[in-house]
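Asks: everything below, folded, please.
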Amino acid sequence: MEVTATLARKIVDTTYDSLSSQVLWETKRHILDTLGVMFPPTTLERACKVLAEIAVEGGGKTESTLVGFGGKVPCWIAAFVNGSLCHPMDYDDIADEFSSHPSAQTFPAALAIAERVGNVSGKEFLTAIALGIDLNVRLSASPRGSLMQDYPWFPITIFSVFSSTAVAGKLLRLSHKQMVNAFGIALDRASGVTESIASPDSEIRAIRDGFGNREGVLAALMAKRGVTACKDAIEKLFKVFYRNNNDFSLFTSDLGKEFWGLKVGFKPWPCCRVAHTYIKAGLDLAIRYDLNPERIEEVILTVGSFARDIPFNPIEEKQKPKLSISAKLSLPFIMGVVFTKRRVAIKDFLPENLGDLEVLELAKKVKPKFDPHLCEGALEPGVVEVRIQGGESYVNREELPYGHPRNPMSDEELVAKFKDCTIYAKKAFSEEKVSQLVERIFNLETVKSLNEITDLLA
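Replies: This next block holds a predicted model:
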């Protein structure tokens, strides 16, 4: 089975007209959402600001926009900086079943290359993004077992370089042969170790998507100029990283007929997806029973092995996280916010608010109760029990995270989220420009050149 060749051929040959109206509309929603979540880190995430400073200091050809910062740099540097902006808020889209954040691993590379190429139409851009998202989700779905627990490699950064290569190569109009070579180059740039990236003192989890976007752009550019590489990159990827414990049929059975971007959802709250069912269940309890946080004695979360081992472990660090990105992966801290603020917002994870004594006091009361029968990963149902003074106890269960394709966010909610995110951009945007961005993205098929959008960002 020539998996790499099959994928390359499908990416090169697929046209805008072969995409359904549903796929196209969802792709627009993903573009809007991803662009939005890139704005807050330009003022709120130290590591992103450092990368932008390094990029500007390095100089070079002014060809691709630094989103939220303004100014232009060489395309692969723009892909690096812009990619780093996608995850610091932990607000980017997600395929819940497969631990995939596909738009963060396609959009920055596509945007950077589109500006380098020039006169890329909205239809071309939509097609590239839809294909990149589809590829990323399929790659993430292929390994058997738990991506985060059964293998040492961090799947987000391992697969991102291939989806970034795909979108960059599509917009560069690579041939079949060139796309195969681009994937071969990408294989030599795939990297990431979960234990390192998940370290509570590491800022790399926040900026992780910068690396794959940069390498994907470079792989496509090199292949365009004739650089050659192995011709079976996808086969070798799963042999080396996953010991061939994967399902290759995902790359052939419905390729080009079903687009897996329709399996990707959105985040209503800026934190780890596994927390979202617990947030909804907790907020409902807090509001329904008007719970006074001072009267809460204990909050019991029924969890599976993923929630027990990652957002609860080690418990002392999760109860008092040092970094914003670590707080977003802490169920004790997040539930402390839920019951003291009755919300979960960007500002709750700002460095100056990590020491909120009321939140930290309640975080100490949040305990896990392990249930081996719960569904694993981000689709764990959220079971929350609140015990209060006087012996009363309240329980709530939320089955499916809000924003999942089967429990979707509306267009109006995504626009509101986008507008809220633009407030934090280092480069100020007027209400008129924000409205223009929304209008042009939702009508991307009518855009003659993507410059109509990037000119608003530059």
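Asks: per the record, what domains does this structure have?
Replies: Here the chain is described, according to automatic domain parsing, as comprising the domains 3-268+408-457, 273-398.
Asks: pick the most deeply packed of these.
Replies: Of all the domains of the chain, domain 3-268+408-457 carries the top mean neighbour count, a mean of 21, counting by mean count of other Cβ atoms under 10 Å. C-beta coordinates here come from the backbone N, C-alpha and C atoms, glycine included.
Asks: model confidence at the closest residue to E215 other than its chain neighbours, what's the number?
Replies: What sits nearest to E215 in space, not counting adjacent residues and going by Cβ to Cβ, 6 or more residues apart in numbering, is R189, at 3.8 Å. Per-residue pLDDT puts R189 at 96.
Asks: so who does R189 touch?
Replies: Counting by Cβ atoms under 8 Å, 6 or more residues apart in numbering, R189 touches V161, E215, L218, A219.
Asks: low-scoring stretches of this protein, by residue?
Replies: Where the chain drops to pLDDT under 70, the residues are 1, 375-378.
Asks: looking at it, which residue reaches furthest from the middle?
Replies: In the chain, the residue that sits farthest from the middle, by Cα atoms, centre = their mean, is G390; the gap is 42.9 Å.
Asks: could you verify that that one is part of a helix?
Replies: No. According to DSSP: H, G, I helix; E, B strand; the rest coil, G390 belongs to no helix; its state is coil.
Asks: identify the residues contacting it.
Replies: When contacts are counted by Cβ under 8 Å, 6+ apart, G390 is found next to R295.
Asks: any idea how far apart the tips of stretch 86-104 sit?
Replies: Across stretch 86-104, the terminal residues are separated by 6 Å (Cα to Cα, to the nearest Å).
Asks: need the contacts of R189 in a markdown table with secondary structure, can you?
Replies: Shown next, in a markdown table, are the contacts of R189 (three-state DSSP):
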| residue | secondary structure |
| --- | --- |
| V161 | helix |
| E215 | helix |
| L218 | helix |
| A219 | helix |
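Asks: now for these, which pair is the farthest apart?
Replies: Greatest spatial distance among these (Cβ to Cβ): V161 and L218, at 9.6 Å.
Asks: phi, psi for V193 please.
Replies: With angles defined as degrees, to the nearest 10, V193 sits at phi -120, psi 120.
Asks: quick check: it vs K239, distance?
Replies: 18 Å (Cβ to Cβ, to the nearest Å).
Asks: same question, T302
Replies: Applying Cβ to Cβ to T302 and K239 gives a distance of 38 Å.
Asks: cool, R138 as well?
Replies: Distance, R138 to K239, using Cβ to Cβ: 17 Å.
Asks: quick one: residues contacting the nearest residue to K170 once chain neighbours are set aside.
Replies: In this structure, K170 finds its nearest non-sequential neighbour in A128, 4.1 Å apart by Cβ to Cβ, 6+ apart. Residues near A128 by Cβ under 8 Å, 6+ apart: T106, A110, A166, V167, K170, L171.
Asks: can you list those residues in JSON lines and add secondary structure and distance to I310?
Replies: Listed next are the contacts of A128 as JSON lines, based on DSSP: H, G, I helix; E, B strand; the rest coil; distance: Cβ to Cβ, whole Å:
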{"residue": "T106", "secondary structure": "coil", "distance to I310": "25"}
{"residue": "A110", "secondary structure": "helix", "distance to I310": "30"}
{"residue": "A166", "secondary structure": "helix", "distance to I310": "29"}
{"residue": "V167", "secondary structure": "helix", "distance to I310": "29"}
{"residue": "K170", "secondary structure": "helix", "distance to I310": "34"}
{"residue": "L171", "secondary structure": "helix", "distance to I310": "36"}
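Asks: could you export those as TSV, including distance to K328?
Replies: Converted to TSV, those look like this (distance: Cβ to Cβ, whole Å):
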residue	distance to K328
T106	22
A110	26
A166	28
V167	27
K170	32
L171	32
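Asks: between these, which is nearest S410?
Replies: Nearest to S410 among the contacts of A128, counting by Cβ to Cβ, is T106 at 23.4 Å.
Asks: start to end distance for stretch 318-325?
Replies: Start-to-end span of stretch 318-325 (Cα to Cα) is 11 Å.
Asks: ok, stretch 303-316 next?
Replies: Terminal residues of stretch 303-316 lie 18 Å apart, using Cα to Cα.
Asks: now do the strands in the chain.
Replies: Ranges of strands in the chain, per DSSP state E, are 64-65, 72-73, 296-303, 366-370, 382-388, 393-398.
Asks: what residues does the third one touch?
Replies: So that's strand 296-303. Contacts for strand 296-303 (Cβ under 8 Å, 6+ apart): 278, 282, 307, 312, 331, 335, 339, 362, 365-371, 374, 380, 382-389.
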